[in-house]
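# Kindly return the folded structure for what I paste below:
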Amino acid sequence: EELTLNEALLLSYAGRPTDALACLAPLGELRDPRARALSALAEVPALVATGRCVTALDVAGRAFAEQTELPDQIAIPGPEIHVLMQIYALAECGRLAESEALATVAYEATPSTAPSDALMWLGHQLGRCALLGGRAEVARRRLGEALARCEENDIFGPRRLVLSSLATAYAYLGDAAAAA
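Numbering: from 1, shown residues only. Coordinates of the predicted model:
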């Protein structure tokens, strides 16, 4: 079961959301809370990518609630990852104010001792919300902070996502040189 969940996760993050969902389908209703948390890691982004953002939001909310009841897990992100997924799903639903409010609360509640990528991802989502809401200057600032965290902590893969959004913010601001 866990191998199938990992396969679905890889498919989801490899840009194959329909294949990820197809991989998860035969598993049916999972009984183990850890398995449900792992499943959500693959299912939520796949649902968002296929236009089922409200369903993704529900899955992420349930996964967060369930995983917070589990003891610390090995080889699985903490339950806070599901909050990040809720922020993403809300933004993709067009519920930008709710997404930004949740991201702000999470950002402000995250201690400086948290893993270095936590504040980077939250900053990225705050920047995305601002960008999607037409607030390019706020997006530039938030995404610039996220980029700095990527560079300070050698977070290479997500750096590309941040740079892409940051270039868009600069383009909206009319700064072609910075966008390039």
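# give the contact list for the closest residue to residue 173 other than its chain neighbours.
Excluding its sequence neighbours, the residue lying closest to residue 173 (C-beta to C-beta, 6 or more residues apart in numbering) is residue 136, at 5.0 Å. Placement of C-beta: from N, CA and C, glycine included. By C-beta atoms under 8 Å, 6 or more residues apart in numbering, residue 136 lies in contact with 130, 169, 172-173.
# Now, of the residues you listed, which are buried?
By neighbour count, with 16 or more other C-beta atoms under 10 Å, the contacts of residue 136 hold 130, 169, 172 as buried.
# same for the host helix or strand of the second one, what does it pack against?
Following DSSP states H and E, the helix or strand that holds residue 169 is helix 156-172. Here helix 156-172 touches helix 116-132, helix 136-152, helix 176-179, going by 3 or more C-beta pairs under 8 Å, 6 or more residues apart in numbering; DSSP states H and E.
# Would you reformat those helices as TSV and include distance to residue 90 and mean pLDDT?
TSV is the format used below for the helices and strands packed on helix 156-172 (distance: least, C-beta to C-beta, whole Å; pLDDT from 0 to 100):
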stretch	distance to residue 90	mean pLDDT
helix 116-132	9	96
helix 136-152	16	97
helix 176-179	27	96
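# Quick check: which of those is buried the most?
Comparing the helices and strands packed on helix 156-172 by mean neighbour count (mean count of other C-beta atoms under 10 Å), helix 116-132 ranks first with a mean of 23.
# Alpha carbons of stretch 124-141, in PDB - could you do that?
Provided in PDB are the C-alpha atoms of stretch 124-141 (Å, rounded to 0.1, in the frame of the first residue of the first chain):
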ATOM      1  CA  HIS A 124       5.900  31.600  -1.700                       C
ATOM      2  CA  GLN A 125       2.200  31.100  -1.200                       C
ATOM      3  CA  LEU A 126       1.700  34.600   0.200                       C
ATOM      4  CA  GLY A 127       3.500  35.900  -2.900                       C
ATOM      5  CA  ARG A 128       1.300  33.800  -5.200                       C
ATOM      6  CA  CYS A 129      -1.800  35.100  -3.500                       C
ATOM      7  CA  ALA A 130      -0.600  38.700  -4.000                       C
ATOM      8  CA  LEU A 131       0.300  38.000  -7.600                       C
ATOM      9  CA  LEU A 132      -3.100  36.300  -8.300                       C
ATOM     10  CA  GLY A 133      -4.800  39.200  -6.600                       C
ATOM     11  CA  GLY A 134      -3.100  41.800  -8.800                       C
ATOM     12  CA  ARG A 135      -0.800  43.200  -6.100                       C
ATOM     13  CA  ALA A 136       2.500  42.800  -7.900                       C
ATOM     14  CA  GLU A 137       4.600  44.900  -5.500                       C
ATOM     15  CA  VAL A 138       3.500  42.800  -2.500                       C
ATOM     16  CA  ALA A 139       4.100  39.700  -4.600                       C
ATOM     17  CA  ARG A 140       7.600  40.900  -5.500                       C
ATOM     18  CA  ARG A 141       8.500  41.500  -1.900                       C
END
